[in-house]
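In: Here's a sequence, model it:
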Amino acid sequence: MNLKRIFRSPLAWIVLAVIAIGLLIDFSQRVTSGYKEAPTSQVVSIINGNEPLSEVILIDKEQEIRVTLKDANHTGYKATWVGNQAEDQIIPPARQREMAARLGVEPIEIASEHAVFALRPRELAAVLAG
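Out: Numbering: from 1, shown residues only. Okay, the predicted model is just below:
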């Protein structure tokens, strides 16, 4: 296979250009968003913590949580979640209950979507503490 012949082809250059543009767009969005990516557990801990917050934004379409602290730098964090746990199509809730029964455990259910930590943090904290 001749590499010179491959790179003379306009198709190869078009593919490389599309990949480069995609990487550039991804990089620019990460740099200009003003939010540092963080694990979801860390963002939830910030929300449930005592640190004063300037804002908490839930972006459902992107399934993203954005938190801005009330500090001198207005530090921002973002994390993502997976939605629609209540409507799980891969493993239906009835099947999950059946598997829990076979394991001999009592499942604890909180009426919420998958992001129970973001939508019902107090209820989740009470269950985990309890």
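
In: Contacts only, for the residue positioned nearest the centre of the chain.
Out: Centroid check for the chain by CA atoms, centre = their mean gives T80 as the closest residue, at 1.1 Å. Taking CB atoms under 8 Å, 6 or more residues apart in numbering, we find T80 in contact with T40, E62, Q63, E64, I65. From N, CA and C alone the C-beta is placed, and that goes for glycine too.

In: So which of those residues wins on neighbours?
Out: With neighbours set by other CB atoms under 10 Å, the maximum within the contacts of T80 is found at I65, which has 24 neighbours.

In: Pretty sure that residue sits against A79.
Out: Yes: using CB atoms under 8 Å, I65 makes contact with A79 at a distance of 5.2 Å.

In: Can you check which residues contact both of these two?
Out: With CB under 8 Å, 6+ apart as the test, I65 and A79 both reach T40, V43, V44.

In: which residues sit in contact with the last one?
Out: In other words, V44. The contact partners of V44, by CB under 8 Å, 6+ apart, come to I65, A79, F117, A118, P121.

In: Now do the buried residues in the biggest helix by length in the chain.
Out: If you go by DSSP state H, the chain has its longest helix at helix 10-32. Of all the residues in helix 10-32, not one is buried under the rule 16 or more other CB atoms under 10 Å.

In: And stretch 35-51, by the same measure?
Out: Y35, A38, T40, V43, V44, I46, I47.

In: What pLDDT does the model give the residue nearest to E62 when sequence neighbours are not counted?
Out: With sequence-adjacent residues excluded and distances taken as CB to CB, 6 or more residues apart in numbering, E62 is closest to T80, at 7.4 Å. T80 carries a pLDDT value of 83.

In: Could you give the bridge partners of T80?
Out: Beta-bridge partners recorded for T80 (DSSP bridges): E64.

In: So which residues of this protein form strands?
Out: With DSSP state E, the ranges of strands along the chain come out as 36-37, 53-59, 64-69, 76-80.
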